[in-house]
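A.B. asks: Just a sequence and a predicted model for now, questions to come.
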Amino acid sequence: MGQLEGKTSVVTGGSTGIGLATAVRLADEGAYVFVTGRRESELEAAVKTIGADRATAVVGDISKPEDLDRLYEAVRARGKGLDVLVANAAVGAFVTLEQTTEEHFDQTFGVNVRGTLFTVQKALPLLSDGASIVLVGSTAGDRGVEAFGA
């Protein structure tokens, strides 16, 4: 029996990379996992990896409130609250400052800031006593100056 037996979790950006690895680990510890992301085929593959009896995929973009509402309605319908929220979804365009467009800015802040904030805010009514919220972040700073076009 794992440490999260009988618990419910959500992982945004859960179809690949860190998000998928996190979802697998949560399931291995006994949690039921809702994974969300924008790409349906990757989410279906993630559910197969995690185990269809241990996971549900909800296609959505965290920058869209209606998609978050649909995600949390699926969690609510399960009827067990929410014990672990991993806000992992993020986007980034590796372009120089000169190449950055309004579209780059809007997408980056729409997902990484606005989307993360509302991911957590909309989860609040579902959180069980003692629930955990994990915010995943990264930076391109480890790539050196070249990553910023200098």
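C.D. replies: That came through, no problem.

A.B. asks: going forward, measure contacts and count neighbours with C-alpha atoms only.
C.D. replies: Will do.

A.B. asks: Go through the top strand by length along the chain and flag the buried ones.
C.D. replies: Ranked by number of residues, the top strand in the chain under DSSP state E is strand 127-135. Within strand 127-135, the residues that count as buried by 16 or more other CA atoms under 10 Å are 127, 131, 133.

A.B. asks: what do you get for stretch 41-55?
C.D. replies: For stretch 41-55, using 16+ other CA under 10 Å, the buried residues are 42, 43, 44, 46, 47, 49, 50, 51, 54, 55.

A.B. asks: Tabulate those (TSV), appending secondary structure and pLDDT.
C.D. replies: Converted to TSV, the buried residues of stretch 41-55 look like this (DSSP: H, G, I helix; E, B strand; the rest coil; pLDDT from 0 to 100):
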residue	secondary structure	pLDDT
42	helix	96
43	helix	97
44	helix	97
46	helix	97
47	helix	98
49	helix	97
50	helix	98
51	coil	96
54	coil	97
55	strand	98
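
A.B. asks: Looking at those, which is nearest residue 123?
C.D. replies: residue 55 (18.0 Å; CA to CA).

A.B. asks: Quick one, grab the pLDDT at the closest residue to the closest one other than its chain neighbours.
C.D. replies: Excluding the flanking residues, the one nearest residue 55 by CA to CA, 6 or more residues apart in numbering is residue 33, at 4.6 Å. With respect to pLDDT, residue 33 scores 98.

A.B. asks: surely residue 33 meets residue 51?
C.D. replies: No. Counting by CA atoms under 8 Å, residue 33 stays clear of residue 51, with 9.7 Å between them.

A.B. asks: all strands for this structure, in order.
C.D. replies: For the chain, the strands defined by DSSP E cover 8-12, 32-37, 55-59, 82-87, 127-135.

A.B. asks: any chance of the ones you listed in JSON lines, plus distance to residue 121?
C.D. replies: Output for the strands of the chain, formatted as JSON lines (distance: least, CA to CA, whole Å):
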{"stretch": "strand 8-12", "distance to residue 121": "14"}
{"stretch": "strand 32-37", "distance to residue 121": "16"}
{"stretch": "strand 55-59", "distance to residue 121": "18"}
{"stretch": "strand 82-87", "distance to residue 121": "11"}
{"stretch": "strand 127-135", "distance to residue 121": "10"}
